[in-house]
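Q: got a predicted structure plus its sequence, pasted below:
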Amino acid sequence: MSTTPTSTTPTTATNTDEQHAAADVAAPTSMAAAVRHRYGTADMVAVEQVPTPEVGPAEVLIEVVAAGLDRGVCHLMTGTPYLLRLAGFGLLRPKQPVLGMDVAGHVVAVGASVTRFAPGDEVMGIATGSFAEYAVADAAKLAIKPTALSFEEAAASTISGITALQALTTVGGVEAGQRVLVIGASGGVGSFAVQIAKSLDATVTAVASSSKLDFVASLGADVVVDYTTTELADLDERFELIIDIGGRTPLRHVRGLLTERGTHVIVGGENGGRFTGGIGRNLRAVVLSAFVRQRMTFFISNESRTYIDPLVDLLAAGDVVAPIGQRVPLADVADAIRALDAGRTHGKTVITVAELG
């Protein structure tokens with residue numbers, strides 16, 4: 001990371017701690033960032049110099065050390081399904097040109113109403129435009145990074161980790177001793193789901209492709225299933241909870257794998273049209289659930305401390321380990337997105353922004 005600070009716009013919180021006071025320095029007026037100015041493929045993404053973002057009253061400005069790549073980034077890059085655009089991300093072009101959400105780094109400045117953080121703090125969480133040298137985050141979506149956790153591990157964790165945590169607990173209601181099936185276990189959410197389920201004393205069967213079975217087994221799965229050679233409908237086991245990531249398995253097959261009153265939780269959805277994506281299958285599952293004893297549902301992840309703080313506790317205790325699969329520099333973000341989109345990755349891809357000393 002480069003430049004000599006030239007000016008500052010953020011308001012910093014009052015703090016008498018010497019470390020924080022020493023860290024309260026100005027941010028440069030411009031920064032390197034991975035941007036796209038139009039919706040489209042990874043070919044639209046380039047690293048450019050853009051203005052450093054200004055911090056709002058309830059926000060934190062972070063000097064980014066590392067950031068995480070997930071499927072959500074791909075959807076925001078392409079602007080599909082089109083429901084995303086209607087949700088406020090920009091109808092004809094993206095409102096936020098800088099990509100990236102998962103973040104880990106150093107606090108540079110805080111807004112006037114922020115009291116939980118101060119300049120110099122090492123933080124992790126969810127930001128707006130984290131594929132950049134600096135990013136702004138809502139203070140409510142950040143946590144202090146545990147000392148034992150590297151910036152890369154922290155950057156790989158929040159979005160996928162809290163999604164898996166909600167799918168298993170708040171939505172899925174997992175209990176100790178239950179049998180849990182994780183479909184799509186080698187990806188970001190799936191790799192966290194396997195570990196969190198094990199930490200909650202469930203018995204976990206994980207589904208992945210041949211090349212990723214060893215990786216999934218290393219996460220602690222009790223049984224691994226290769227979907228390229230084994231039809232899920234042919235499994236003899238019945239499960240109290242199925243975490244279904246990606247939304248590709250026919251609902252009738254999923255129902256056949258559930259116990260009489262089992263729960264099916266859909267996470268995301270990669271099939272479907274450009275307008276609604278996988279939401280059609282998700283809605284069909286909810287409608288079907290009204291006529292059967294099994295519960296079939298989906299959810300939208302809650303990006304709040306309610307889940308970020310417990311996830312950080314699991315990471316700090318070593319009960320869950322950030323499943324880093326690939327590390328790429330900021331300059332290679334477009335290639336990293338192509339690899340994720342083509343299914344050539346496992347675990348989480350980390351974008352390294354600053355030198356990791």
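A: On my side now, so go ahead.
Q: what about residue 111, neighbour count?
A: By other C-beta atoms under 10 Å, 21 other residues sit near residue 111. All C-beta spots, glycine's among them, are computed from the backbone N, C-alpha and C.
Q: burial check on the closest residue to it other than its chain neighbours, number of neighbours?
A: Excluding the flanking residues, the one nearest residue 111 by C-beta to C-beta, 6 or more residues apart in numbering is residue 57, at 4.3 Å. Using other C-beta under 10 Å, residue 57 has 11 neighbouring residues.
Q: let's verify residue 57: helix, strand, or coil?
A: Following DSSP: H, G, I helix; E, B strand; the rest coil, the label given to residue 57 is coil.
Q: where does the residue positioned nearest the centre of the chain land on pLDDT?
A: Against the mean C-alpha coordinate of the chain, by C-alpha atoms, centre = their mean, the closest residue is residue 159 at 2.6 Å. According to the prediction, residue 159 has pLDDT 97.
Q: make sure it is actually in contact with residue 103.
A: No - using C-beta atoms under 8 Å, residue 159 makes no contact with residue 103, being 9.7 Å away.
Q: can you list residues touching both of the two?
A: By C-beta atoms under 8 Å, 6 or more residues apart in numbering, residue 159 and residue 103 have these common neighbours: 68, 126.
Q: measure the residue nearest to the centre of the chain to residue 291 for me?
A: Distance of residue 159 to residue 291, computed by C-beta to C-beta, to the nearest Å: 34 Å.
Q: so where's the chain uncertain?
A: The model of the chain has pLDDT under 70 over residues 1-25, 269-278, 356-357.
Q: for residue 141, see how far away the residue nearest to the centre of the chain is.
A: Note on residue 159: its distance to residue 141, by C-beta to C-beta, is 10 Å.
Q: confirm residue 197 sits in a helix?
A: Yes - residue state for residue 197 (three-state DSSP) corresponds to a helix.
Q: that one contacts residue 168, doesn't it?
A: Yes - the criterion here is C-beta under 8 Å, and residue 197 meets it with residue 168 at 5.7 Å.
Q: list residues touching both of the two?
A: Common contacts of residue 197 and residue 168 (C-beta under 8 Å, 6+ apart): 174, 180, 243.
Q: which SS class is residue 354?
A: Classification of residue 354 using three-state DSSP returns coil.
Q: can you name the residues that contact it?
A: 1, 63, 64, 65, 66, 105, 133.
Q: report the contact partners of the closest residue in space to the last one that isn't next to it in sequence.
A: For residue 133, the nearest residue in space outside its immediate sequence neighbours is residue 31; the separation is 3.9 Å by C-beta to C-beta, 6+ apart. With contact taken as C-beta under 8 Å, 6+ apart, residue 31 is in contact with 3, 49, 50, 51, 52, 132, 133, 134.
Q: how about residue 69?
A: 100, 102, 333, 336, 337, 340, 348, 349, 350, 351 are the contacts of residue 69 under C-beta under 8 Å, 6+ apart.
Q: and the residue nearest to the centre of the chain, that one's in a helix?
A: Yes - under three-state DSSP, residue 159 falls within a helix.
Q: ok, it - contacts?
A: By C-beta under 8 Å, 6+ apart, the residues touching residue 159 are 68, 70, 72, 101, 102, 126, 188, 301, 303.
Q: ok, the fourth one - how many residues close by?
A: Just to be clear, that refers to residue 101. Number of residues near residue 101 (other C-beta under 10 Å) recorded here: 24.
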